[in-house]
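J.: structure of the sequence below:
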Amino acid sequence: MSKPQKITPFLWFDHQAEEAAGFYTSVFRNSKIDRVLHFGEQVGVVDFSLDGQGFNAMNAGPAFQLNPTISFFVVCETEAETDEVWGKLLEGGKVLVRLDKYPWSEKYGWVQDRYGLSWQISLGKMEDTGQKFTPSLLFSGVQSGRAEEALHFYASVFSPSSITGILHYGAGGEGREGTVNHAQFSLCGQTFMAMDDTMESPDSFNEALSFVVDCEDQKEVDYFWDSLLAGGGQESMCGWLKDRFGVSWQVIPRALPKLLSDPDPEKAQRASAAMMKMRKIEVDKLV
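T.: The predicted model follows:
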């Protein structure tokens with residue numbers, strides 16, 4: 001992606017963050033580990049990029065597990081690449097939707113990998129999404145039927161934004177009439193997808209996959225914190241929150257990662273200790 005990433009997917013692992021990042025960068029071409037941040041002697045956060053798109057992974061214990069409510073739709077432009085990526089991700093994983101021809105794709109499958117992260121692999125063209133990897137939100141359980149409400153909410157919070165298209169279920173379809181079969185929208189130049197669950201899955205959004213919002217300053221932190229909480233969201237600690245739909249976000253000022261990785265260990269520890277006491281991050285209290 002040519003522009004700086006405003007929104008970055010953040011993956012929560014028990015202790016496999018570095019291993020998982022290494023696996024993903026081996027599966028996809030033009031990928032690399034960008035930075036490994038240690039907490040003492042242990043690996044804390046791993047920043048990596050897949051085909052130019054940024055991801056973060058963190059070791060944070062067993063409290064949350066990845067599930068298919070947020071997956072990544074992957075565009076593969078050749079059948080050989082589709083088969084190769086599918087085969088690698090399936091090693092130690094499981095099939096959610098078998099790789100086959102469907103009305104929406106010449107070749108498509110949904111797989112949950114060995115670490116619990118889900119991928120929708122599709123033979124297609126990059127121009128359809130504008131990026132290799134597209135986060136796809138599945139509104140299930142108590143959130144089922146709220147996909148359209150959610151994407152309009154996100155489009156109101158982020159600017160620029162646009163809604164590319166919404167395909168609804170009709171009468172007699174697999175899903176409840178009027179709910180979202182598939183939708184595509186753009187937030188700050190990044191493509192997202194959304195759909196309502198038709199399978200009555202017990203899974204729900206949780207902190208295992210959150211989205212980091214990169215904020216230039218305290219003014220932006222305040223704006224996104226208040227906006228994403230609007231209408232029934234829930235504050236958490238260290239810049240984390242859940243919006244009204246249960247999706248987790250981290251509203252992070254650009255200064256925070258720099259302070260946490262300061263070469264002076266006393267400064268880094270001071271910033272970390274201050275952050276641990278905060279809900280919304282306040283930049284002037286980190287130093």
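
J.: in the stretch 151-287 of the chain, what spans have low per-residue confidence?
T.: For the stretch 151-287 of the chain, no stretch has pLDDT under 70.

J.: all the helices of it, residue numbers only.
T.: For the stretch 151-287 of the chain, the helices defined by DSSP state H, counting those that start in this stretch cover 218-229, 255-260, 265-275.

J.: using CSV, write out every CA atom in the longest one.
T.: Right, the one you point to is helix 218-229. Included here for helix 218-229 are C-alpha records, laid out as CSV according to Å, rounded to 0.1, in the frame of the first residue of the first chain:
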residue,chain,number,x,y,z
GLN,A,218,-3.7,14.0,21.4
LYS,A,219,-6.4,15.8,19.4
GLU,A,220,-6.8,12.8,17.1
VAL,A,221,-6.6,10.4,20.1
ASP,A,222,-9.5,12.2,21.7
TYR,A,223,-11.6,12.2,18.5
PHE,A,224,-11.2,8.5,17.7
TRP,A,225,-11.6,7.5,21.3
ASP,A,226,-14.9,9.4,21.8
SER,A,227,-16.2,8.5,18.3
LEU,A,228,-15.6,4.8,18.5
LEU,A,229,-17.1,4.6,22.0
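
J.: buried residues, that helix. List them.
T.: Neighbour-count burial for helix 218-229 flags Val221, Phe224, Trp225, Ser227, Leu228, Leu229 (criterion: 16 or more other Cβ atoms under 10 Å). The way it works is simple: take the backbone N, C-alpha and C, and place the C-beta from them, glycine included.

J.: now the end-to-end length of stretch 195-210.
T.: Between the opening and closing residues of stretch 195-210 lies a distance of 18 Å (Cα to Cα, to the nearest Å).

J.: any idea how far it is from the chain center?
T.: 13 Å (Cα atoms, centre = their mean, to the nearest Å).

J.: just the buried residues of it, please?
T.: Using 16+ other Cβ under 10 Å as the test for burial, stretch 195-210 gives Met195, Asp196, Asp197, Thr198, Asp203, Ser204, Phe205, Asn206, Glu207, Ala208, Leu209, Ser210.

J.: before we move on, what about stretch 108-121?
T.: For stretch 108-121, burial by neighbour count (16+ other Cβ under 10 Å) applies to 108-113, 115-121.

J.: quick one: average confidence on that stretch?
T.: In this model, stretch 108-121 carries a mean pLDDT of 98.

J.: what sits up against it?
T.: Stretch 108-121 is contacted from outside by 11, 13, 16, 20, 23, 65-68, 70-74, 76, 82, 85-86, 89-102, 122-123, 136, 208-209, using Cβ atoms under 8 Å, 6 or more residues apart in numbering.
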